[in-house]
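Colleague: sequence isn't available, so here's the structure alone:
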């Protein structure tokens, strides 16, 4: 497709993909952080297995290849040994990923402000200190939001998920969205019509389950069920990595920023969005098909 762009941060390294032999039926879930990654992975796992009781074990069975915290040789060997259809996740924009013309790329986005406030909660729930200065727990001066607006799209900043990184993710997906194996989803649309999302993903993966089974799979992937069984559905759930598996599924709602940002902060956000996106691009990124 193109020469891959380099994305390196303290948490991620997209050069790790060089160790993975891509198969034509692979499924990639590609998102900025906190935009519905785990939700889409769970949908894919349920559809591929056809089993409402499947143990998703996302961190093992559908690994985040980019993350430096896992030994890449072990990840590559595990993926190579898989005999069933594989799925992997990435927080690297499309222009930094290996591209196979037959593999499926499911790109999921969310309102940038919702993703930002969800990321604030997530950073306080993981035992990593790299981003403490970016996401201070006590922040009376609004440093966190200013860094969200000022941060760059790559390097250390990229892993901290500033607005620039979200926009770069979005624009790199838009650049290839006309290809038949690249599909863009929006978190708000998934909330509005989860059965429709299941049907769309099933069609893309050429999976045909009975209507009764699809209804069962949809119920498993509801936010309430995943939160109630967080040790099963959170990434690395039940393994003690996060302070709270349940807190990973913080609320699953939209409009998290309302009442939490000043008028000046909202104006600064609006200015950046209007600078880098057209009116239609911005409308979709913020609200999906409901815009």
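Modeller: Received the coordinates, thanks. Being a predicted model, the structure only gives us computed values, none of them experimental.
Colleague: please report phi then psi for residue 109.
Modeller: Backbone geometry at residue 109, expressed as degrees, to the nearest 10, gives phi -130, psi 170.
Colleague: who's it bridged to?
Modeller: residue 186 (DSSP bridges).
Colleague: which residues does it contact?
Modeller: Applying CB atoms under 8 Å, 6 or more residues apart in numbering, we find residue 109 in contact with 31-32, 35-36, 166, 169-170, 173, 184-187, 285, 288. Where C-beta positions appear, they are placed from N, C-alpha and C, glycine not excepted.
Colleague: can you put those residues in TSV and add distance to residue 228, neighbour count and pLDDT?
Modeller: Shown next, in TSV, are the contacts of residue 109 (distance: CB to CB, whole Å; neighbours: other CB atoms under 10 Å; pLDDT from 0 to 100):
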residue	distance to residue 228	neighbour count	pLDDT
31	23	28	96
32	26	26	95
35	22	27	93
36	18	27	92
166	29	26	97
169	30	28	97
170	32	24	98
173	32	21	98
184	29	19	98
185	24	24	98
186	25	24	97
187	20	24	94
285	30	23	98
288	26	20	96
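Colleague: show me those that map onto strands.
Modeller: If you go by DSSP state E, these have 184, 185, 186 in strands.
Colleague: least trustworthy helix or strand in the protein by mean pLDDT?
Modeller: The helix or strand of the chain with the lowest confidence, counting by mean pLDDT, DSSP states H and E, is helix 245-248 at a mean of 49.
Colleague: one step back: tell me which of the contacts of residue 109 fall in helices.
Modeller: Using DSSP state H, the subset of the contacts of residue 109 located in helices is 166, 169, 170, 173, 187, 285.
Colleague: let me know the closest of those residues to residue 67.
Modeller: The shortest approach to residue 67 among the ones in helices among the contacts of residue 109 belongs to residue 169, at 16.3 Å (CB to CB).
Colleague: does that closest one touch residue 31 like I think?
Modeller: Yes - assessed by CB atoms under 8 Å, residue 169 is found in contact with residue 31 at 7.4 Å.
Colleague: between those two, which contacts overlap?
Modeller: Counting by CB under 8 Å, 6+ apart, the contacts common to residue 169 and residue 31 are 107, 109.
Colleague: the strands in the stretch 101-250 of the chain, which residues?
Modeller: Taking DSSP state E, counting those that start in this stretch to define them, one finds strands in the stretch 101-250 of the chain at 104-109, 182-186.
Colleague: helices of the stretch 151-291 of the chain, start to end?
Modeller: Per DSSP state H, counting those that start in this stretch, the stretch 151-291 of the chain carries helices over the ranges 155-159, 163-174, 187-192, 194-204, 211-220, 223-228, 230-233, 245-248, 263-276, 279-287.
Colleague: and the second one with helix 263-276, angle?
Modeller: Counting by axes from the mean of the first three to the mean of the last three CA atoms, to 10 degrees, helix 163-174 points 30 degrees away from the direction of helix 263-276.
Colleague: run the chain-centre distance for helix 163-174.
Modeller: Here the centre of helix 163-174 is set off from its chain's centre by 12 Å, with CA atoms, centre = their mean, to the nearest Å.
Colleague: which elements pack onto that helix?
Modeller: Helices and strands touching helix 163-174, by 3 or more CB pairs under 8 Å, 6 or more residues apart in numbering; DSSP states H and E, are strand 104-109, helix 112-123, helix 155-159, strand 182-186, helix 263-276, helix 279-287.
Colleague: right, so the ones you listed: which one is the most enclosed?
Modeller: Using mean count of other CB atoms under 10 Å, the stretch among those with the largest mean neighbour count is strand 104-109, at a mean of 24.
Colleague: name the spans of the stretch 1-150 of the chain whose pLDDT lies under the cut-off.
Modeller: The model of the stretch 1-150 of the chain has pLDDT under 70 over residues 1-2, 122-131.
Colleague: any idea whether residue 29 is helix, strand or coil?
Modeller: With DSSP: H, G, I helix; E, B strand; the rest coil as the basis, residue 29 sits in strand.
Colleague: and it, how many neighbours?
Modeller: Residue 29 has 27 neighbours, counted by other CB atoms under 10 Å.
Colleague: what's across from it in the sheet?
Modeller: Following DSSP bridges, residue 29 is listed with bridge partners residue 89, residue 106.
Colleague: reformat the ones in strands among the contacts of residue 109 as JSON lines; add distance to residue 193.
Modeller: Formatted as JSON lines, the ones in strands among the contacts of residue 109 follow (distance: CB to CB, whole Å):
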{"residue": "184", "distance to residue 193": "15"}
{"residue": "185", "distance to residue 193": "11"}
{"residue": "186", "distance to residue 193": "11"}
